[in-house]
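>>> Sharing a model that was predicted from the sequence below.
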Amino acid sequence: MIQSEYLNQIESLSALDLHFARLMARLDGRGCREFELAAALVSSQTRAGHVCLELEDLASSDFLKERLESQQATALASLSPSTLRERLVNDSKALGQPGQFKPLILERDRLYLNRYWRYQDSLAKFILSAAGSQLKLDWELLGERLNAYFPNQGADEIDLQRVAAAVALLRRFCVITGGPGTGKTVTVAKIAGLLLEFCRGHNLRIALAAPTGKAAVRLQEAIKNAKEGLPCSKEVKEQIPDHASTIHRLLGFRRHSPYFWHDAANPLEVDVLIVDEASMVDLALMSKLVQALPRNSRLILLGDNNQLASVEAGSVLADICHQDHLDHFSAEFSGVVSSLGKQSLPIAPGAEPLTDCVVQLRKSYRFATRRGIGEVSAAVNAGEAGQALEILKSQDFPDVKWCERGDTDLQAVLATASAGYVAGDPAQAFASYNQVRILCAVREGPMGVRAINSALDSAFRRRLAIPDDKSWYPGQPVLVTRNDYQMNLFNGDFGIILPDPDDNDELKATFERPDGGFRTVRPFRLPEYEAGYAMTVHKSQGSEFARVLLLLPEKDVRVLTRELLYTGITRASERVEVFGDEVIWNAAVERRTRRSSGLRDAIWD
């Protein structure tokens with residue numbers, strides 16, 4: 001059986017995990033070896049992005065053999081989840097049932113840190129409450145205005161953007177998911193216009209938010225462009241906000257604190273909150289966000305549920321967009337939509353209210369003329385590795401290309417791609433970097449971010465005759481890696497070192513502002529940063545580039561999943577080139593991201 005000292009031999013455990021496990025063992029006081037191991041692993045799981053530890057995993061040799069010696073793994077794997085539950089719960093002073101004030105919570109054979117169970121519980125209660133409340137509107141007027149905002153309704157084709165708008169007006173909770181170019185932000189701009197029309201005279205307060213500064217900039221640009229073409233009055237258009245904030249700034253961050261100024265006791269002053277790139281929002285942040293919403297306010301989430309999950313624990317959007325409940329609705333809601341637009345929706349017998357709150361947009365307008373990107377991303381998403389590879393290699397799709405490692409001189413390709421980077425005025429410089437971006441799946445190794453950035457930095461220094469001891473030079477891209485609330489710079493912000501317009505002898509780090517302008521910072525005042533020639537696929541979420549070079553590692557690693565490939569490929573709007581090995585490509589497409597969480601069961605079961 002497992003001994004306490006064996007915890008030191010588990011490579012996946014950090015010093016924090018070990019300390020936590022021993023603290024829990026002392027509080028528990030039973031000398032239960034399974035309990036100490038479970039406490040260490042639930043801490044480790046949370047750091048790895050999981051919300052909880054599944055007892056089925058704890059009793060699984062496949063799960064344990066990567067962490068323990070085979071003898072100990074076999075001993076634990078012989079225990080059933082029910083036996084493990086009995087041993088963990090029996091007279092424990094540190095483990096309790098849902099709602100109890102104990103450090104660890106066990107629910108449905110899932111072991112949680114107490115705070116993560118509370119995050120999940122509060123979010124699930126909000127979703128179910130908001131999904132179950134249907135709002136009353138003037139049906140005749142609603143049908144008339146939907147016809148005005150969505151006039152191109154085909155006789156045999158369901159206009160899912162129109163359906164999403166109906167959901168947003170009739171429900172307090174609405175999720176609009178779909179791949180790139182499916183019209184999510186255009187739809188939500190129309191929704192904002194409709195809401196303002198129906199709530200005229202009520203001073204409706206609408207707020208736009210996104211998890212990162214880059215995503216917030218893209219959201220407000222999309223809303224600003226979309227609202228000009230809406231079939232509503234100038235007065236209504238002026239009330240549609242075109243300023244977006246990061247979620248942290250919206251909630252009011254507190255330095256050196258996990259809490260925000262806005263919470264249940266001090267709610268936000270909003271009636272409608274629209275959150276873009278919701279796939280990037282972790283469980284803790286989403287829970288704090290819904291707790292800060294006023295009673296009876298609306299929440300509209302936008303995002304692609306097939307993208308990478310959040311960096312921190314949880315996969316909120318994927319849990320909400322349960323594949324078994326997409327693309328069909330309750331008979332009651334289908335009847336309502338049919339009366340509004342003479343459309344019949346697919347019906348799911350006995351559907352729950354939440355089924356009517358999630359709409360998946362499927363028609364991609366962005367990839368209509370660039371079929372290669374659309375088809376290869378769809379094949380990857382479906383797990384069809386061979387089909388995706390065939391599309392990449394096909395000469396029929398000029399917007400995609402496969403480059404076998406060894407057959408192509410990667411350094412020459414990178415040098416050619418980056419030759420267009422210029423250090424002119426800020427607008428020109430940012431436009432050139434947005435034309436081509438190098439995305440890496442990993443940080444380390446010959447195909448990782450560090451090596452590629454180092455190689456390109458050296459090449460640019462040679463080209464510009466920049467001494468190695470000079471920290472900054474014109475045109476140098478920087479990527480912020482740590483939040484600095486005082487400087488208003490956040491992890492993932494992209495900047496370029498450029499000459500000061502008032503003094504060309506001085507260099508400044510230049511960043512895009514949400515309003516479309518630029519702000520400058522003295523380089524020595526930058527928070528932690530790294531070179532920005534290449535970035536990880538994770539850091540690229542919420543961005544779009546004309547051409548993407550996606551570099552796969554030379555060895556298969558667990559982080560390489562179909563969600564990562566899908567996200568990297570769909571960052572390109574015009575062309576994507578993938579550099580890698582077929583064996584590694586196939587393994588990545590086969591591997592799906594799996595995150596342990598009870599949210600899906602809590603809201604759907």
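Sure thing, it's come through.
>>> count of residues packed around residue 179?
23 (other Cβ atoms under 10 Å). The way it works is simple: take the backbone N, C-alpha and C, and place the C-beta from them, glycine included.
>>> quick one, longest helix in the chain?
Secondary structure of the chain per DSSP state H: the longest helix is helix 114-131.
>>> what kind of secondary structure is residue 208 in?
Three-state call for residue 208 (DSSP: H, G, I helix; E, B strand; the rest coil): strand.
>>> If we ignore the residues flanking it in sequence, what's nearest it?
residue 244 (3.8 Å; Cβ to Cβ, 6 or more residues apart in numbering).
>>> do residue 522 as well
residue 508 is the one closest to residue 522 (Cβ to Cβ, 6+ apart), at 6.4 Å.
>>> how about the one you found, what does it touch?
Residue 508 makes contact with 497, 498, 499, 500, 520, 521, 522, 523, according to Cβ atoms under 8 Å, 6 or more residues apart in numbering.
>>> Tell me the bridge partners for residue 300.
Per DSSP bridges, the residues bridged to residue 300 are residue 174, residue 274.
>>> Quick check: it vs residue 386, distance?
Distance of residue 300 to residue 386, given as Cβ to Cβ, to the nearest Å: 38 Å.
>>> ditto for residue 18
44 Å.
>>> More neighbours: these two, which one.
Neighbour totals were compared for residue 18 and residue 386, and residue 18 leads with 19 against 12 (other Cβ under 10 Å).
>>> That one contacts residue 40, doesn't it?
Yes: at 6.3 Å, residue 18 counts as touching residue 40 under the criterion of Cβ atoms under 8 Å.
>>> residues making contact with stretch 403-421?
429, 432-433, 435-436, 438, 452, 455-456, 459-460, 475, 477, 533, 547, 549, 551-552, 554, 577-582.
>>> Go ahead and confirm the residue nearest to residue 208 touches residue 214.
No: under the criterion of Cβ under 8 Å, residue 244 is not in contact with residue 214, lying 10.8 Å apart.
>>> Please say which of the two ends up with more neighbours.
residue 244 (26 against 23).
>>> Now do the contacts for that one.
208, 209, 210, 216, 217, 219, 220, 223, 276, 514.
>>> circling back to that earlier point, okay if I get the contacts of residue 508 as CSV plus neighbour count and distance to residue 317?
Shown next, in CSV, are the contacts of residue 508 (neighbours: other Cβ atoms under 10 Å; distance: Cβ to Cβ, whole Å):
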residue, neighbour count, distance to residue 317
497, 21, 35
498, 24, 36
499, 17, 42
500, 13, 42
520, 17, 35
521, 18, 33
522, 11, 38
523, 17, 36
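>>> so which of those residues comes closest to residue 26?
Distance to residue 26 across the contacts of residue 508 (Cβ to Cβ) is lowest for residue 521, with 47.5 Å.
>>> name the element the residue nearest to residue 522 belongs to?
If you go by DSSP states H and E, residue 508 is part of strand 503-512.
>>> quick one: average confidence on the helix or strand just after that strand?
Later in the chain than strand 503-512, the nearest helix or strand by DSSP H and E is strand 518-521. The average pLDDT for strand 518-521 rounds to 87.
>>> How about stretch 422-429?
The model assigns stretch 422-429 a mean pLDDT of 81.
>>> What are the contacting residues of that stretch?
Contacts of stretch 422-429 (Cβ under 8 Å, 6+ apart): 421, 432, 474, 475, 496, 498, 499, 501, 510, 512, 518.
>>> For those residues, work out which two are farthest apart.
Pairwise over those, using Cβ to Cβ, the maximum falls at 421 and 501, 19.3 Å.
>>> For burial, what's the neighbour tally of the nearest residue to residue 518 once chain neighbours are set aside?
Spatial nearest neighbour of residue 518, excluding adjacent residues (Cβ to Cβ, 6+ apart): residue 426 at 4.5 Å. By other Cβ under 10 Å, 20 other residues sit near residue 426.
>>> now the one 5 residues further on
Using other Cβ under 10 Å, residue 431 has 14 other residues around it.
>>> and it, what element?
helix 426-435.
>>> Over to residue 549?
strand 545-551.
>>> same thing with residue 189?
Short version, using DSSP H and E: residue 189 is in helix 184-198.
>>> CA atoms of that helix as CSV?
Provided in CSV are the C-alpha atoms of helix 184-198 (Å, rounded to 0.1, in the frame of the first residue of the first chain):
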residue,chain,number,x,y,z
LYS,A,184,-20.9,35.9,-33.3
THR,A,185,-19.9,39.5,-32.8
VAL,A,186,-22.2,40.7,-35.6
THR,A,187,-25.0,38.8,-34.0
VAL,A,188,-24.4,40.3,-30.6
ALA,A,189,-24.3,43.8,-32.0
LYS,A,190,-27.8,43.2,-33.4
ILE,A,191,-28.8,41.8,-30.1
ALA,A,192,-27.7,45.0,-28.4
GLY,A,193,-29.7,47.1,-30.8
LEU,A,194,-32.8,44.9,-30.2
LEU,A,195,-32.5,45.1,-26.5
LEU,A,196,-32.1,48.8,-26.5
GLU,A,197,-35.2,49.1,-28.7
PHE,A,198,-37.3,47.0,-26.4
